[in-house]
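Student: coords below, sequence missing:
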């Protein structure tokens with residue numbers, strides 16, 4: 001097949017959506033002719049496909065850039081492709097993949113009466129919101145007639161999409177992310193990883209991986225660290241937030257000396273290997289690929305329960321993960337982390353069961369599920 005991928009930022013060092021797109025394209029390029037249309041490409045992305053760089057005359061405001069990307073790719077992919085696969089808001093594309101909650105849900109959920117009226121007025125008077133509203137709705141055109149297919153990266157996201165767009169009920173397919181093959185753990189991996197990253201070797205380390213740490217639970221982790229022994233460290237891999245967003249809270253809870261920012265990492269394997277546990281107390285994550293990646297590396301995970309985090313729909317608390325019922329509670333989080341690290345048998349069980357569970361979540365399997373969808377849409381169109 002000749003497949004067009006639409007993804008504005010095609011970079012494996014980006015967020016989960018970007019890593020998903022790059023990984024699937026990499027797998028499919030082994031068997032198909034893959035063309036990638038993007039505004040930016042990661043510096044170390046293998047060129048197993050044909051790259052088409054879309055110029056961005058206006059990167060800001062973002063909504064105008066989004067509209068421009070949709071117009072440009074609609075023109076460039078108007079013919080010659082068996083499947084156009086979009087990870088972006090656009091009115092074109094045979095297959096549309098959703099990674100985040102729909103805008104219409106985020107704008108209108110739980111708003112009734114005058115609150116709903118105010119929100120409607122806000123949308124109607126905002127070119128930015130109107131553009132996003134229209135572009136997202138356009139992604140569902142033709143779904144009910146079988147002319148287009150919609151994918152979601154998790155079951156909870158599928159349910160939300162179908163509630164928001166009833167015409168898609170029963171027609172959205174879930175294809176969760178995968179994980180790259182991992183070498184078996186070796187004696188001394190943790191110490192070598194800590195040494196390579198410049199981390200202390202003899203203290204408990206809790207890892208947070210996020211491009212936006214504040215959205216993924218940094219605040220509650222800082223509060224929890226204030227309740228844990230002085231030797232504990234919170235290591236944050238990803239973009240470092242501005243000092244003003246975390247330092248006052250860290251000072252208030254006596255956690256300033258416990259926080260280490262690694263910055264963005266080209267390869268997160270060392271960070272996973274260096275950690276005693278990955279903490280992901282997010283309040284909104286449709287899947288959370290970092291949890292899957294940590295489990296594949298044999299790192300125990302503490303993760304938010306539903307409805308906060310989509311991957312928890314597939315996990316079993318106490319078997320392959322530790323699931324937080326309320327990720328906003330720093331006392332519960334601190335107690336969970338402390339009890340976990342004080343129980344070596346439980347830690348070992350989570351490592352083993354987490355790795356076993358993650359072994360089924362391969363990018364190869366994810367790509368094959370995409371192939372089935374692409375073949376189906378080609379057959380329906382033919």
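Tutor: Cool, the structure landed. Worth saying up front: this structure is predicted, and the values here are computed from it rather than measured. Residues are numbered from 1 along each chain as shown.
Student: By average pLDDT, which secondary structure element in this protein comes out worst?
Tutor: For the chain, counting by mean pLDDT, DSSP states H and E, helix 113-124 ranks last in confidence among helices and strands (a mean of 84).
Student: quick one: buried residues of that one?
Tutor: Residues residue 123 are the ones in helix 113-124 that count as buried (16 or more other CB atoms under 10 Å). In short, each C-beta sits where N, CA and C put it, glycine included.
Student: what packs against that helix?
Tutor: helix 103-108, helix 127-138 (3 or more CB pairs under 8 Å, 6 or more residues apart in numbering; DSSP states H and E).
Student: any low-confidence regions in the stretch 151-300 of the chain?
Tutor: 183-185 (pLDDT under 70).
Student: burial of the nearest residue to residue 165 once chain neighbours are set aside, as a residue count?
Tutor: Nearest residue to residue 165, sequence neighbours excluded (CB to CB, 6 or more residues apart in numbering): residue 140, at 4.9 Å. Counted by other CB atoms under 10 Å, the residues lying close to residue 140 total 20.
Student: all helices for the stretch 201-350 of the chain, in order.
Tutor: When assigned using DSSP state H, counting those that start in this stretch, the helices of the stretch 201-350 of the chain occupy the ranges 218-225, 243-252, 269-274, 289-296, 330-341, 344-358.
Student: Packing partners of the third one?
Tutor: What it means is helix 269-274. In terms of contacts (3+ CB pairs under 8 Å, 6+ apart), helix 269-274 is packed against helix 189-197, strand 205-209, strand 233-237.
Student: one more time with 7 Å, if that's ok
Tutor: helix 189-197, strand 205-209 (3 or more CB pairs under 7 Å, 6 or more residues apart in numbering; DSSP states H and E).
Student: Deepest-packed of the ones you listed, please.
Tutor: Highest mean neighbour count among the helices and strands packed on helix 269-274 (mean count of other CB atoms under 10 Å): strand 205-209, with a mean of 24.
Student: quick one, what contacts the residue lying closest to residue 231 once chain neighbours are set aside?
Tutor: Of all residues not flanking residue 231 in the chain, residue 203 sits nearest, at 4.6 Å (CB to CB, 6+ apart). With contact set as CB atoms under 7 Å, 6 or more residues apart in numbering, residue 203 has these partners: 231-233.
Student: Over to residue 240?
Tutor: Counting by CB under 7 Å, 6+ apart, residue 240 has contacts 261, 263.
Student: hmm, which of the contacts of residue 203 are the buried ones?
Tutor: 232-233.
Student: is the closest residue to residue 305 other than its chain neighbours in a bridge, and if so with what?
Tutor: Distances taken as CB to CB, 6+ apart put residue 323 closest to residue 305, at 4.7 Å, once the chain neighbours are dropped. On the basis of DSSP bridges, residue 323 is bridged to residue 303.
Student: Against residue 357, how distant is residue 323?
Tutor: Per CB to CB, to the nearest Å, residue 323 is found 13 Å from residue 357.
Student: Just want to know which of the two has more residues nearby.
Tutor: Between residue 323 and residue 357, counted using other CB under 10 Å, the more crowded position is residue 323 (21 against 18).
Student: what about the more buried one, distance to residue 313?
Tutor: 11 Å.
Student: List the buried residues of the longest helix along the chain.
Tutor: Longest helix of the chain, by residue count under DSSP state H: helix 363-381. Across helix 363-381, burial judged by 16+ other CB under 10 Å covers 363, 366-367, 369-371, 373-374, 377.
Student: pLDDT added to the residues you listed, as JSON lines?
Tutor: Output for those, formatted as JSON lines (pLDDT from 0 to 100):
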{"residue": "363", "pLDDT": "94"}
{"residue": "366", "pLDDT": "96"}
{"residue": "367", "pLDDT": "95"}
{"residue": "369", "pLDDT": "97"}
{"residue": "370", "pLDDT": "97"}
{"residue": "371", "pLDDT": "96"}
{"residue": "373", "pLDDT": "96"}
{"residue": "374", "pLDDT": "96"}
{"residue": "377", "pLDDT": "91"}
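Student: Dump those into CSV; add distance to residue 288 as well.
Tutor: Shown next, in CSV, are the buried residues of helix 363-381 (distance: CB to CB, whole Å):
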residue, distance to residue 288
363, 16
366, 15
367, 20
369, 19
370, 20
371, 25
373, 23
374, 26
377, 28
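Student: and residue 259, which of the helices and strands packed on helix 113-124 is closest to it?
Tutor: Nearest of these to residue 259, taken as CB to CB: helix 103-108 at 30.0 Å.
Student: quick one: the closest one to chain centroid distance?
Tutor: Mean-position distance between helix 103-108 and its chain equals 19 Å (CA atoms, centre = their mean, to the nearest Å).
Student: Show me which residues of it are buried.
Tutor: For helix 103-108, by 16+ other CB under 10 Å, it's 103-105, 108.
Student: cool, and stretch 339-353?
Tutor: 340-341, 347, 350-351, 353.
Student: Between all of those residues, which two are separated the most?
Tutor: 341 and 353 (17.2 Å).
Student: per-residue pLDDT, the closest residue to residue 29 other than its chain neighbours?
Tutor: Leaving out its chain neighbours, the residue that sits closest to residue 29 by CB to CB, 6+ apart is residue 48, at 3.8 Å. Reported pLDDT at residue 48 in the predicted model: 83.
Student: Quick check: residue 48 vs residue 268, distance?
Tutor: Applying CB to CB to residue 48 and residue 268 gives a distance of 22 Å.
Student: higher neighbour count, those two?
Tutor: residue 268 (20 against 13).
Student: how close does the more buried one sit to residue 315?
Tutor: Residue 268 is 20 Å from residue 315, by CB to CB.
Student: and what of residue 208?
Tutor: Taking CB to CB, one finds residue 208 at 18 Å from residue 315.
Student: Next: residue 2.
Tutor: 38 Å.
Student: In terms of neighbours, single out the busier of these two.
Tutor: residue 315 (23 against 13).
Student: Just confirm that one contacts residue 321, I think it does.
Tutor: Yes. Here residue 315 reaches residue 321: they are 4.3 Å apart, a contact under CB atoms under 7 Å.
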